[in-house]
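Asks: sharing a sequence plus its predicted fold:
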Amino acid sequence: MANDDYPPGTPQREITIRRRVHRIAEFYRHLMAYVIIIGLLWILNAATINDGMMPVRWYSWWAIWPTLGWGIGLLTHGITALPVWGFFSEEWEDRKVKELMERDGR
């Protein structure tokens, strides 16, 4: 979202907070899609391997791979979007900018 998306005269603090809320909302949409799609994959996986004729082996559970792969992506998205963890938060970015500006200013 650019500053042009907001009415003229909108305070910078409000723009910053709205962007943060937007990032958090994106994470929750991502989480909802993960839960629904991964749930469907596990149901499909269970329905296709349980025919009762052969023993089920660990490698029959193929849904583990998308669960783990997408789960890692979701975890990284959460770390960067949620204010619970301070990694790469807006405050961290502000501190880093100030630090680099001071270092270059010497």
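Replies: Received the coordinates, thanks.
Asks: identify the residue nearest E90 in space, chain neighbours excluded?
Replies: R20 (6.3 Å; C-beta to C-beta, 6 or more residues apart in numbering). No exception for glycine: its C-beta is placed from N, CA and C like everyone else's.
Asks: name the element the one you found belongs to?
Replies: R20 belongs to helix 12-49 when assigned by DSSP states H and E.
Asks: how far out from the middle of the chain is that helix?
Replies: Computed by C-alpha atoms, centre = their mean, to the nearest Å, the chain-centroid distance of helix 12-49 equals 7 Å.
Asks: give me the mean pLDDT for it.
Replies: Taken as a whole, helix 12-49 carries a mean pLDDT of 91.
Asks: I'd like the next helix or strand past that helix.
Replies: helix 64-81.
Asks: for that following helix, packing partners?
Replies: In terms of contacts (3 or more C-beta pairs under 8 Å, 6 or more residues apart in numbering; DSSP states H and E), helix 64-81 is packed against helix 12-49.
Asks: what angle sits between the helix it packs on and helix 64-81?
Replies: In terms of direction (axes from the mean of the first three to the mean of the last three C-alpha atoms, to 10 degrees), helix 12-49 departs from helix 64-81 by 170 degrees.
Asks: circling back: of all the residues in the helix holding R20, which ones are buried?
Replies: Within helix 12-49, the residues scored as buried using 16 or more other C-beta atoms under 10 Å are R23, F27, H30, Y34, I38, L41, N45.
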